[in-house]
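Trainee: Dropping a prediction and its sequence here:
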Amino acid sequence: MAKVSKRPLKIQQVGEIAEKLRTAKVVVLTDYRGLSVAQLGDLRAKLRQADVEYHIVKNTLAKRAADDAGHPDLGPALTGPVAFALGYDDLSAPARLLGEWARSTRLKLDITGGLVEGRFFGAEQVRQLADLPPKEVLLAQLLGTLQTPIAQLVGTIQAPVQTLVGLLEAYKNKLEAA
């Protein structure tokens, strides 16, 4: 019986992983040790709702893919059982959802590091990213901050006009009374 080479399959897998690493805005590395298949399925379902992919990849393939994608600094973080949470839109979504899932299920899911727009982040930096509000909330806060000075300017401009209207109204009432 002839031995089938697994090399072309592995080369294809490395290429697919490298492409995902190139296109993802954020990649969060987690240690999934101690989670059952059912728990991982539940986690994937929760992440999928927010367009976040969760992949378990062999470290040797992940290191080669990271090198191919131009992220060699990711290599040292790929030790032990590591899974990738890949986000393509909201930067804080993968880390936030992983944290929420771990708190709600009371299961241990360690964040070991990640990539944010091509830069390597340590575990603590990724946890800080998880504490950021969603993009929509940040945009609303920014808009509110930008509107405050404009509202104050309008109030400052209207104050003398309102005072003048009040004086004219009082003078009119005085003339009517006399």
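Mentor: Sure thing, it's come through. Numbers count the residues shown, from 1 in each chain.
Trainee: Walk me through the domains of the protein.
Mentor: Structural domains assigned to the chain are 8-132, 133-178, following automatic domain parsing.
Trainee: which residues in the protein form strands?
Mentor: 26-31, 52-56, 82-87, 110-116, 119-122 (DSSP state E).
Trainee: mind giving me CSV with these and columns for mean pLDDT and distance to residue 38?
Mentor: No exception for glycine: its C-beta is placed from N, CA and C like everyone else's. Below are those laid out as CSV (pLDDT from 0 to 100; distance: least, Cβ to Cβ, whole Å):
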stretch, mean pLDDT, distance to residue 38
strand 26-31, 89, 17
strand 52-56, 89, 14
strand 82-87, 89, 15
strand 110-116, 85, 19
strand 119-122, 85, 30
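Trainee: So which of those is nearest residue 163?
Mentor: Nearest of the strands of the chain to residue 163, taken as Cβ to Cβ: strand 110-116 at 52.4 Å.
Trainee: if we look at the closest one, which residues are touching it?
Mentor: When contacts are defined by Cβ atoms under 8 Å, 6 or more residues apart in numbering, strand 110-116 is touched by residues 21, 24-31, 33, 71, 74, 77, 82, 91, 94-95, 98-99, 120-123, 125-127, 129-130.
Trainee: switch to 6 Å and redo it
Mentor: Residues external to strand 110-116 that are found in contact with it (Cβ atoms under 6 Å, 6 or more residues apart in numbering): 26, 27, 28, 29, 30, 31, 71, 77, 121, 122, 123, 126.
Trainee: Between which two of those residues is the distance greatest?
Mentor: Farthest pair in the contacts of strand 110-116, by Cβ to Cβ: 31 and 71, 18.8 Å.
Trainee: Mean neighbour count, the domains of the chain: which tops it?
Mentor: Highest mean neighbour count among the domains of the chain (mean count of other Cβ atoms under 10 Å): domain 8-132, with a mean of 17.
Trainee: quick one on the thing from earlier: could I get the strands of the chain as JSON lines with distance to residue 149?
Mentor: Output for these, formatted as JSON lines (distance: least, Cβ to Cβ, whole Å):
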{"stretch": "strand 26-31", "distance to residue 149": "33"}
{"stretch": "strand 52-56", "distance to residue 149": "37"}
{"stretch": "strand 82-87", "distance to residue 149": "34"}
{"stretch": "strand 110-116", "distance to residue 149": "31"}
{"stretch": "strand 119-122", "distance to residue 149": "33"}
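Trainee: So which of those strands is nearest residue 37?
Mentor: So among the strands of the chain, strand 52-56 is nearest, using Cβ to Cβ, at 10.6 Å.
Trainee: Where is the longest helix in this protein?
Mentor: Taking DSSP state H as the criterion, the chain has its longest helix at helix 135-177.
Trainee: Below-threshold pLDDT in this structure: ranges please.
Mentor: 1-6 (pLDDT under 70).
Trainee: Since that was my last question, I'll sign off now.
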